[in-house]
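>>> A structural model of the following input is requested.
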Amino acid sequence: MRIVVTGYGVDIPESLLRSQIAEPLRFLGHEVVAVAPTSAAIKWGLDRYCPEMLIVIPAAGVPDRGEIRALTTNSETVAVCLHTGPSLEGVTTDLGVLGDDLREYDLVVVPDLQTFEQYEDLGTFRLSLIEPAVHPPALMDFVSSQRRGVVVVGDADPGNIDVVMSIDHLDDVVVMGEGWTDLPVKAEVVDYLPLPERASLFAGAHITIELPVSLAHQSEVQKSVFELGLSAAVYESAVVGTPSLVQARAAVEHVLVPGAEIITFQSTEDLGKLIPLLLVDHEETTKVGEAAWSRITADHTWAQRWRSFLAPWVYDSIIDRNEEDSYLGKVELLSEAG
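Below you'll find the predicted structure:
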């Protein structure tokens with residue numbers, strides 16, 4: 001298919017528009033062109049490429065949904081609005097306008113079952129579900145290294161600071177997030193890294209620890225941490241064979257099996273004792289990491305999500321086989337990092 005994508009992140013090298021849409025679709029063999037979220041640029045893309053589909057990630061009212069309808073009315077282009085959902089900090093689209101989007105777009109995609117069920121009364125024939133996933137090829141160029149310590153992912157909220165302080169006496173602790181730089185911690189502190197640096201960081205750790213998202217984000221999306229899905233760090237860690245330690249909540253078992261494919265904790269207060277125990281049980285963490293890799297690459301990739309979504313228009317069984325082979329061919333790299 002010929003597909004034009006636009007919206008949030010079109011001018012950002014590492015963005016959702018690229019990692020979740022453009023790259024996986026190109027991986028599946030589709031012709032994908034990204035254009036700026038302006039009426040002129042979208043019109044140019046539609047006129048120049050005559051795409052079968054236009055995919056939009058809306059942000060702060062850009063692009064205007066009414067303009068999308070006007071631009072695609074006289075063409076056979078299917079207009080799709082893709083919402084990112086509340087689990088991603090800083091890039092959340094406004095789910096409160098889904099009713100308006102359903103009136104103007106041919107299809108509206110939501111990122112979680114809860115939202116889908118909330119709006120399905122408006123008509124599921126124009127509402128689709130594409131749950132979070134990962135694009136493994138984007139992480140496969142990581143630098144293999146000896147596994148050491150843990151990577152802690154999360155911002156410096158009060159509760160998260162307490163967690164890091166409780167394990168700050170341990171060796172090889174890396175904290176990735178915002179707000180840590182000025183705090184008196186021994187752990188190595190890094191900002192959110194781009195790929196493949198982030199993949200290399202995860203691949204070099206025994207465990208990735210997902211801390212609760214910031215209170216500010218929970219307030220913004222009006223959802224507690226127990227209502228939110230798994231972070232991208234969990235999916236990315238699994239692709240490089242690293243197990244994740246996350247707070248127990250409903251979304252966890254929807255993706256991975258607790259105890260077998262992911263490790264959970266009930267309260268952040270438990271982490272000071274739990275993390276040192278896990279760090280001496282390399283056999284168990286390796287087993288969980290390998291199981292996570294198998295599950296994520298089998299069931300939770302963006303290529304699979306888009307293949308299912310596009311099934312009414314196109315299907316290519318050859319891509320299925322090639323994709324599976326490309327993942328299986330990387331399993332030795334995971335063991336090298338172990």
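
>>> which residues are in contact with the nearest residue to residue 113 once chain neighbours are set aside?
For residue 113, the nearest residue in space outside its immediate sequence neighbours is residue 129; the separation is 6.5 Å by Cβ to Cβ, 6 or more residues apart in numbering. Every residue, glycine included, has its C-beta placed from N, CA and C. Applying Cβ atoms under 8 Å, 6 or more residues apart in numbering, we find residue 129 in contact with 109-113, 116.

>>> ok, and the most crowded of these?
With neighbours set by other Cβ atoms under 10 Å, the maximum within the contacts of residue 129 is found at residue 110, which has 26 neighbours.

>>> show me the contacts for that residue.
Residues in contact with residue 110 (Cβ under 8 Å, 6+ apart) are 83, 85, 95, 98, 116, 119, 127-130.

>>> quick check, nearest of the residues you listed to residue 228?
Here the nearest of those to residue 228, counting by Cβ to Cβ, is residue 85; it sits at 8.9 Å.

>>> got a pLDDT number for the residue lying closest to residue 282 once chain neighbours are set aside?
With Cβ to Cβ, 6+ apart as the measure, residue 206 is the residue that lies nearest to residue 282, at 6.6 Å, once sequence neighbours are left out. Each residue has a pLDDT score; the one for residue 206 is 96.

>>> cool, residue 140 as well?
As summarised for this prediction, residue 140 has a pLDDT of 78.

>>> now it. Its backbone dihedrals?
Summarising the backbone geometry of residue 140 under the convention degrees, to the nearest 10, its torsions are phi -80, psi -10.

>>> in which helix or strand would I find residue 175?
Here residue 175, judged by DSSP states H and E, is contained in strand 173-176.

>>> compute the number of surrounding residues for residue 117.
Residue 117 is flanked by 12 other residues according to other Cβ under 10 Å.

>>> per-residue confidence at it?
Looking at residue 117, its pLDDT reads 83.

>>> could you look up the SS state of it?
Classification of residue 117 using DSSP: H, G, I helix; E, B strand; the rest coil returns helix.

>>> how near is it to residue 299?
To residue 299, residue 117 is 21 Å away according to Cβ to Cβ, to the nearest Å.

>>> kindly report the same for residue 273.
The spacing between residue 273 and residue 299, counted by Cβ to Cβ, is 32 Å.

>>> just for the stretch 201-338 of the chain, where's the confidence low?
Per-residue confidence for the stretch 201-338 of the chain (pLDDT under 70) gives these ranges: 315-338.
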